[in-house]
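# next input, structure requested:
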Amino acid sequence: MTVGYGRHFGYKQSHFGEDTKGHDLKAFGDTTGKYVFWDASADTLYVVGALSLDGAFAADNIAFADAETLTFGTGSDVVMQWDGTNLIIAAAADDSIIEIGDSAATQKSFDLKWYGGTANGASYLYFDASADLIYTTGIDLQFKDNDVIAFGTGAGAAGDVSITWDGTNLIIATAADDSLIEIGDSAATQKSLDLKWYGNEANGASYLYADASANLLYTTGVDLQFKDNDLLIFGTGSDGNGDVNIKWDATNLVMATPAASAAWLIGAAGHVINATLTGTLTVGVDDTGYDVKFFGATAGCSLLWDESEDQLVVTGPADVPALKLAGAGSISGGTYTAAGAAWAADGTPALVQSQKYALIDIGGTTYRIPLFANA
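Below you'll find the predicted structure:
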């Protein structure tokens, strides 16, 4: 059947106009302002209303040839096109949004599965809407130089914390000073992680290791260096100095305490530490000294340098020599057959040939103190 110029209605196929000689066609719906309009001069189909496809339509009923467009919005706000190679979704305005699912209270969502290049769907990126989870299977994620992984709700592209590879270094940056990186779980279950930080030696021969289960930090083939005036701090004391600190001030190794005094214990009962000092031991400075005390094996016995009295004080048990000179040290060099006559209580000592003496230097002058055997 033909109605007017170029209008043909027939079995299975009807058309309006002829090739290059088209007609506009407008079909109205039951609702005010809703219609479908074919604009022949623009070669465009406009849908003002809803376009619904259900089971009555075959999968290939709506087809767009290469480079044909599907346009949304009254100002061609969004355009979809297959250009023969790629599916392109373009927006007229920057920062437009594609929403998938329903953001209403009912929250009707979609899972998304985006396949990779491995056969039989073995690789994909998956968004599990019900679990609010994005995961990958057989897919790697690569961030190019200076691309940012941002964490937190902080303003700007960097958020509160960002991770970037700048082409040379991996940089973890924070918007706020004194932010904290926690590794492991601080809850009562205390799920911890060991950390192994490799050095420069081949085959992993050097590393810094944090053994979480042993609460121990140790090194293998790695040295720790503190620069001039850097502190090694001990104790819970505040102000950045702890209770005791050690530093190298570029000239001296300084052990200091913020308190008026503190004790330094080396070894413990049953756990003796032997120490050898190669070099000069100086206690205090000229005109400002300190007491030095050595204890004996008997209670109350000691050797004390009393700095306030400028005296060396030997405290020993009764009838035991307070000072013992062994060998030939500080003894006169002359041979002798006796150490002098025995000096009994209330007796008178008698000097003998080859008398034994102790030598003492007072102000640069050497004096001999005669020694007598104890009766």
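
# domain-wise, how is this protein divided?
144-175, 182-224, 233-264, 288-324, 325-375 (automatic domain parsing).

# can those go into a markdown table with extra columns for distance to residue 93, mean neighbour count and mean pLDDT?
In this view, the C-beta of every residue, glycine as well, is placed from N, C-alpha and C. Below are the domains of the chain laid out as a markdown table (distance: least, C-beta to C-beta, whole Å; neighbours: other C-beta atoms under 10 Å; pLDDT from 0 to 100):
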| stretch | distance to residue 93 | mean neighbour count | mean pLDDT |
| --- | --- | --- | --- |
| domain 144-175 | 20 | 12 | 93 |
| domain 182-224 | 41 | 11 | 93 |
| domain 233-264 | 54 | 12 | 89 |
| domain 288-324 | 79 | 11 | 89 |
| domain 325-375 | 99 | 12 | 65 |
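
# measure the residue sitting nearest the centre point of the chain to residue 210 for me?
The centre of the chain sits closest to residue 181, judged by C-alpha atoms, centre = their mean, with a distance of 6.1 Å. According to C-beta to C-beta, to the nearest Å, residue 181 stands 13 Å off from residue 210.

# go on, residue 320?
Distance of residue 320 to residue 210, computed by C-beta to C-beta: 54 Å.

# then residue 295?
With distances taken as C-beta to C-beta, residue 295 is found 40 Å from residue 210.

# what does residue 276 give?
Per C-beta to C-beta, residue 276 is found 33 Å from residue 210.

# do residue 82 as well
From residue 82 over to residue 210 (counting by C-beta to C-beta), the distance is 54 Å.

# again, but for residue 198
Distance of residue 198 to residue 210, given as C-beta to C-beta: 13 Å.

# also residue 99?
Using C-beta to C-beta, residue 99 is found at 45 Å from residue 210.

# phi, psi of residue 202?
Backbone torsions of residue 202, given as degrees, to the nearest 10, read phi -70, psi 150.

# list the contacts of stretch 236-247.
With C-beta atoms under 8 Å, 6 or more residues apart in numbering as the test, stretch 236-247 has contacts from 226, 229-235, 253-259, 262.

# please repeat the previous calculation with a cut-off of 7 Å.
Here stretch 236-247 makes contact (C-beta atoms under 7 Å, 6 or more residues apart in numbering) with 229-235, 253-259, 262.

# what's the end-to-end length of that stretch?
One end of stretch 236-247 to the other measures 17 Å (C-alpha to C-alpha, to the nearest Å).

# with stretch 279-286 instead?
Using C-alpha to C-alpha, the end-to-end distance of stretch 279-286 comes to 19 Å.

# for stretch 101-118, same thing?
OK, stretch 101-118 end separation, C-alpha to C-alpha: 28 Å.

# list of residues touching it?
Residues contacting stretch 101-118 (C-beta under 7 Å, 6+ apart): 100, 121, 123-129, 138-139.

# type out the PyMOL command that picks the buried ones from those.
In PyMOL, this line selects whichever of those come out buried by 16 or more other C-beta atoms under 10 Å:
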select buried, resi 123+124+125+126+127
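
# possible to save the contacts of stretch 101-118 as CSV with secondary structure?
CSV is the format used below for those (DSSP: H, G, I helix; E, B strand; the rest coil):
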residue, secondary structure
100, coil
121, helix
123, coil
124, strand
125, strand
126, strand
127, strand
128, strand
129, coil
138, coil
139, coil
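
# out of the contacts of stretch 101-118, which one sits closest to residue 369?
The shortest approach to residue 369 among those belongs to residue 139, at 93.6 Å (C-beta to C-beta).

# contacting residues for that closest one?
By C-beta under 7 Å, 6+ apart, the residues touching residue 139 are 116, 123-125.

# report the two of the residues you listed separated the most.
Across those, the longest distance by C-beta to C-beta is 8.5 Å; it joins 123 and 125.

# now the helices for the chain?
With DSSP state H as the criterion, the chain has no helices.

# go ahead and confirm residue 193 touches residue 209.
No: applying C-beta atoms under 7 Å, one finds residue 193 not in contact with residue 209, separated by 11.9 Å.

# who touches both of these two?
Jointly contacting residue 193 and residue 209 under the rule C-beta under 7 Å, 6+ apart is no residue at all.

# mind listing what the closest residue to residue 76 other than its chain neighbours touches?
Leaving aside its sequence neighbours, residue 76 sits nearest to residue 92 (C-beta to C-beta, 6 or more residues apart in numbering; 6.2 Å). Applying C-beta under 7 Å, 6+ apart to residue 92 gives the contacts 75-77.

# go on, residue 185?
Neighbour list for residue 185: residue 191 [criterion: C-beta under 7 Å, 6+ apart].

# just residue 211 next, same as before
Contacts here follow C-beta under 7 Å, 6+ apart; on that basis residue 211 touches residue 194.

# likewise for residue 322?
Here residue 322 is in contact with 314, 316 (C-beta under 7 Å, 6+ apart).

# now the residue nearest to residue 73 when sequence neighbours are not counted: phi and psi?
Nearest in space to residue 73, with sequence neighbours left out and distances taken as C-beta to C-beta, 6+ apart, is residue 92 at 7.5 Å. When read as degrees, to the nearest 10, the backbone of residue 92 gives phi -70, psi -30.
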